[in-house]
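**Student:** I'll drop the sequence and a predicted model, then ask my questions.
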Amino acid sequence: MKSSIRIASGQGFWGDLPSAPIDQVTKGPIDYMMMDFLAEVTMSILQKQKRKDPNLGYAKDLLPLFETILPTIVEKNIKVITNGGGVNPAACSRAILEIARRRGMKGIKIGIVLGDDILERLDELSADGTGLKNMETGEPLSTVRDRIQSANVYFGAWPVVEALRKGANIVITGRTTDTGLTLAPMIHEFGWQRSDWNLLAAGTIAGHILECGGQSSGGNFLGDWRSVPDLAGIGFPIAEAYPDGTVVITKHENTGGLVSAATVKEQLLYEIGDPKNYVTPDCIADFTSIRVLEEGRNRVKVAGIQGRPATELYKVSMSYLDGFVSFGTLTYAWPDALEKARAADGILRKRLANAGLRFDEMRTEFLGHDSSHSHLSSGREPDEVVMRVGVRGQSYKDVERFGKEIAPLILTGPPSVTGFAGGRPKPSEVISYWPALIRKSAVTPSVEVVDA
């Protein structure tokens with residue numbers, strides 16, 4: 001058993017700082033790097049890509065990244081764990097192995113976690129009419145069944161642990177919990193057991209601190225943000241983990257950003273719901289038991305964590321098509337810019353009504369005047385006002401027609417108008433979220449290990 005391991009956060013979301021994972025593997029010692037790519041709506045986007053091309057459906061940003069870091073992680077024996085496999089971890093692993101083969105690199109083993117995608121099993125799993133109901137509203141799945149775009153179970157750390165035990169250098173998963181990506185190396189290295197609830201909770205909370213990347217090392221910091229040094233060169237956080245469940249949050253030397261009790265505490269409050277009952281597939285963690293102590297410059301100790309047994313349920317993340325949306329903008333200039341914009345909005349609404357169009361929602365914002373804090377507006381006349389109008393509805397034709405009614409305002413509405421940027425607005429799909437629960441016994445993860 002190792003006396004400690006260092007687990008680095010490389011990405012907090014798909015589209016995060018491209019240099020962060022490269023810095024993590026090159027600027028100092030680490031043993032593992034976790035990268036979180038997935039959000040609820042991401043799964044539906046990836047599912048669409050996979051339907052168009054069976055070789056897609058994963059975070060394509062992983063390929064240029066591995067082109068860069070493969071030699072380094074092999075040389076330094078750094079293991080990488082990511083849920084960037086999306087809805088197609090197998091295709092993602094093949095693409096990474098092809099990079100390794102093309103570069104003549106041998107000895108790379110990739111663990112693939114499968115089984116979380118239950119899209120094809122929905123009818124079977126909800127056959128009794130009570131399964132997979134919306135856990136927030138209680139609605140039955142049948143109300144949106146024909147519009148479901150993706151359905152994925154949140155697996156936890158244990159399938160990743162299995163991949164590591166089988167010798168994987170890189171682990172590619174689908175919809176694994178963000179926290180499980182960090183917890184898994186601790187279980188693997190320290191020999192923690194499934195009933196070590198306090199230890200599992202400690203690893204889970206460490207994963208929660210790392211999951212949003214630079215948000216716990218000074219980014220998006222609501223406290224004394226002016227005191228955070230060199231945000232341009234921010235160093236992403238690293239969890240220095242010990243067998244007793246103690247974790248020290250730090251970052252590489254000579255990188256920007258800040259790891260302090262305040263930055264760590266702010267991240268601890270992120271999306272936790274009931275702080276005494278943070279439910280994951282691996283355990284229930286009690287956030288009120290955490291002790292946070294600054295040990296030195298950019299070193300914050302997190303300890304004393306209490307946990308309880310995991311539930312018998314997995315959470316399921318589903319997405320469904322919920323109509324269409326379209327946005328259009330026009331800019332009105334001084335004098336009377338706001339009055340002109342409001343008049344144009346009234347004209348547009350009357351024309352849409354006269355055309356018999358129906359929308360679930362229509363909103364107008366006057367940017368630069370009162371779009372965010374209208375009740376605080378000074379009332380002074382602005383030099384220009386951007387009118388931004390959006391509609392949402394179930395009819396593609398009605399939403400499309402809205403886009404055709406914006407441009408005519410340029411010559412058939414109030415004067416001094418410009419800025420019809422981007423051409424005629426087109427409808428985009430609205431993807432809504434459907435959270436549900438399912439018994440763990442109904443879904444079984446599987447793990448494969450392939451090598452170059």
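**Tutor:** Received it, and whenever you're ready, just let me know what you need. In this text the structure is predicted, and so the values were computed from the model without any measurement.
**Student:** Quick check: pLDDT value at Thr130.
**Tutor:** Model confidence at Thr130, expressed as pLDDT, equals 61.
**Student:** Same question for Lys265.
**Tutor:** 98.
**Student:** Same question for Gly85.
**Tutor:** If you check Gly85, the pLDDT there is 97.
**Student:** which ones are touching it?
**Tutor:** For Gly85, the contacting residues are Tyr58, Ala59, Cys92, Ser93, Ile112, Val113, Ile172, Thr173, Gly174, by Cβ atoms under 8 Å, 6 or more residues apart in numbering. All C-beta atoms are positioned from the backbone trio N, CA, C, and that covers glycine.
**Student:** ok, what's across the strand from the closest residue to it other than its chain neighbours?
**Tutor:** Residue nearest to Gly85 in three dimensions, not counting chain neighbours: Ile172, with 4.1 Å by Cβ to Cβ, 6 or more residues apart in numbering. Here Ile172 shows beta-bridge partners Thr82, Ile112, assigned using DSSP bridges.
**Student:** what comes into contact with stretch 301-310?
**Tutor:** With contacts defined as Cβ under 8 Å, 6+ apart, stretch 301-310 is touched by 156, 195, 197-202, 204-206, 209, 245-249, 264, 280-286, 289-295.
**Student:** Now go through those residues and say which are in strands.
**Tutor:** For these, membership in strands holds for Val247, Val248, Ile249, Ile284, Ala285, Asp286, Arg291, Val292, Leu293, Glu294, Glu295, with DSSP state E as the criterion.
**Student:** Quick one: buried ones out of the residues you listed?
**Tutor:** Buried residues within those, defined by neighbour count using 16 or more other Cβ atoms under 10 Å: Val247, Val248, Ile249, Ile284, Ala285, Asp286, Val292.
**Student:** Please state the mean pLDDT value computed over the strand ranked longest in the chain.
**Tutor:** When secondary structure is assigned using DSSP E, the longest strand within the chain turns out to be strand 313-333. Here strand 313-333 scores 95 as its mean pLDDT.
**Student:** Output the contacting helices and strands for that strand.
**Tutor:** If contacts are counted by 3 or more Cβ pairs under 8 Å, 6 or more residues apart in numbering; DSSP states H and E, strand 313-333 sits against helix 40-52, strand 148-153, helix 337-354, strand 384-393, helix 396-406, strand 417-418, strand 428-439.
**Student:** Dump the ones you listed to CSV, plus mean pLDDT and mean neighbour count.
**Tutor:** Converted to CSV, the helices and strands packed on strand 313-333 look like this (pLDDT from 0 to 100; neighbours: other Cβ atoms under 10 Å):
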stretch, mean pLDDT, mean neighbour count
helix 40-52, 88, 19
strand 148-153, 95, 24
helix 337-354, 97, 18
strand 384-393, 94, 22
helix 396-406, 96, 18
strand 417-418, 90, 15
strand 428-439, 95, 17
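**Student:** Nearest to Lys315, out of the ones you listed?
**Tutor:** Counting by Cβ to Cβ, Lys315 lies closest to strand 428-439 out of those; the figure is 6.1 Å.
**Student:** hmm, who's touching that closest one?
**Tutor:** 40-41, 44-45, 118, 125, 131-136, 141, 144, 148-149, 153, 312-326, 392.
**Student:** what about Gly423, distance to Ile431?
**Tutor:** Distance, Gly423 to Ile431, by Cβ to Cβ, to the nearest Å: 23 Å.
**Student:** so which of the helices and strands packed on strand 313-333 comes closest to Ile30?
**Tutor:** helix 40-52 (25.7 Å).
**Student:** The helix or strand following that closest one packs against which elements?
**Tutor:** Along the chain past helix 40-52, the next helix or strand (assigned with DSSP states H and E) turns out to be helix 62-76. Under the contact definition 3+ Cβ pairs under 8 Å, 6+ apart, helix 62-76 sits against helix 20-26, strand 79-82, helix 89-102.
**Student:** cutoff 6 Å now
**Tutor:** In terms of contact count using 3 or more Cβ pairs under 6 Å, 6 or more residues apart in numbering; DSSP states H and E, helix 62-76 is assigned the packing partners helix 20-26, helix 89-102.
**Student:** Break this protein down into its domains, please.
**Tutor:** 5-116+154-311, 323-430 (automatic domain parsing).
**Student:** so how far is the first residue of the first one from its last?
**Tutor:** The stretch domain 5-116+154-311 measures 28 Å between its terminal residues, going by Cα to Cα, to the nearest Å.
**Student:** still on that earlier bit, let's have the helices and strands packed on helix 62-76 in TSV, adding distance to Gly368, mean pLDDT and mean neighbour count.
**Tutor:** Rendered in TSV, the data for the helices and strands packed on helix 62-76 read as follows (distance: least, Cβ to Cβ, whole Å; pLDDT from 0 to 100; neighbours: other Cβ atoms under 10 Å):
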stretch	distance to Gly368	mean pLDDT	mean neighbour count
helix 20-26	34	98	21
helix 89-102	43	97	19
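**Student:** how about the ones you listed in CSV, adding distance to Asn254?
**Tutor:** Formatted as CSV, the helices and strands packed on helix 62-76 follow (distance: least, Cβ to Cβ, whole Å):
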stretch, distance to Asn254
helix 20-26, 10
helix 89-102, 29
